[in-house]
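Q: No sequence on hand, only this structure:
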């Protein structure tokens, strides 16, 4: 059908598939995270040959992204601050290291690709952590930085959408309803990360070449939204940044 072909040609079919998958995160976490990981690695592969590449997977948790990178032919090292996250869903990812992205346990220029998905909203200093992640990338290598935007519909993670009324208030509501504090506690392990934060950091790194900059789950042509203050905070959902380090 012409409408279906048009729908696919402008990239909306992918977006609908990804957004629909969020409905299955709790009921089928393996299927959900595998789908999201495969999609992310396909985007990374547009900029770097992953066959034989060495990848640092920051905040990789139970290793769905590392597994997708390995399926693409890469070798991975997974860095996560929480051993329980690494063991989540009963998974055991080869090459896992307990450590902080803010103080990456890797040498300068030691990997071909540094990858970070949904980590940066959990650090106090987004820009400094981005610098640390980029530090471990070899000259001419690639860094991928993707994070959830606070003012988007999933900015508060499990406290969404009540986070839009305030992170502390949303946490109190969650605790009243569930009888326990949320996993991601605003001001301690989750922060109000914005599109502006990422763009401001990019502005400090004239040495990096921007290869891709867009709302992660939307079509590539939606990148124009990032030029519209405030609107970009509402509709981006997740900011996707790909940069190349200087040779």
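A: Yes, it's here. Note that the coordinates shown come from a computational prediction; the quantities given were computed from them, not determined experimentally.

Q: Now do the strands for this structure: every range, in order, please.
A: 54-58, 75-80, 96-98, 111-117, 137-148, 209-215, 238-244 (DSSP state E).

Q: show me what contacts residue 189?
A: By CB atoms under 8 Å, 6 or more residues apart in numbering, residue 189 lies in contact with 122, 183. C-beta here means a position set from N, CA and C on the backbone, and glycine is covered the same way.

Q: now with 7 Å?
A: Residues in contact with residue 189, defined by CB atoms under 7 Å, 6 or more residues apart in numbering, are residue 122.

Q: Next: residue 167.
A: The neighbours of residue 167, taking CB under 7 Å, 6+ apart as the test, are 156, 186, 187, 192.

Q: Quick check, pLDDT for it.
A: With respect to pLDDT, residue 167 scores 96.

Q: Can you tell me how far it is from residue 206?
A: Distance of residue 167 to residue 206, given as CB to CB, to the nearest Å: 33 Å.

Q: And for residue 189?
A: Plainly put, residue 189 is 32 Å away from residue 206 if you go by CB to CB.

Q: Over to residue 185?
A: 36 Å.

Q: Between these two, which is the more surrounded one?
A: residue 185 (15 against 8; other CB atoms under 10 Å).

Q: how about the nearest residue to that one once chain neighbours are set aside, what does it touch?
A: Nearest non-adjacent residue to residue 185, counting by CB to CB, 6 or more residues apart in numbering: residue 171, 6.1 Å away. By CB under 7 Å, 6+ apart, the residues touching residue 171 are 159, 181, 182, 185, 186.

Q: residue ranges with poor pLDDT in this structure?
A: 1-10 (pLDDT under 70).

Q: for it, which helix is longest?
A: If you go by DSSP state H, the chain has its longest helix at helix 29-44.

Q: How about residues contacting it?
A: So helix 29-44 is contacted by 18, 21, 24-25, 50, 64-65, 67-69, 72, 89, 113, 115, 117, 144 (CB under 7 Å, 6+ apart).
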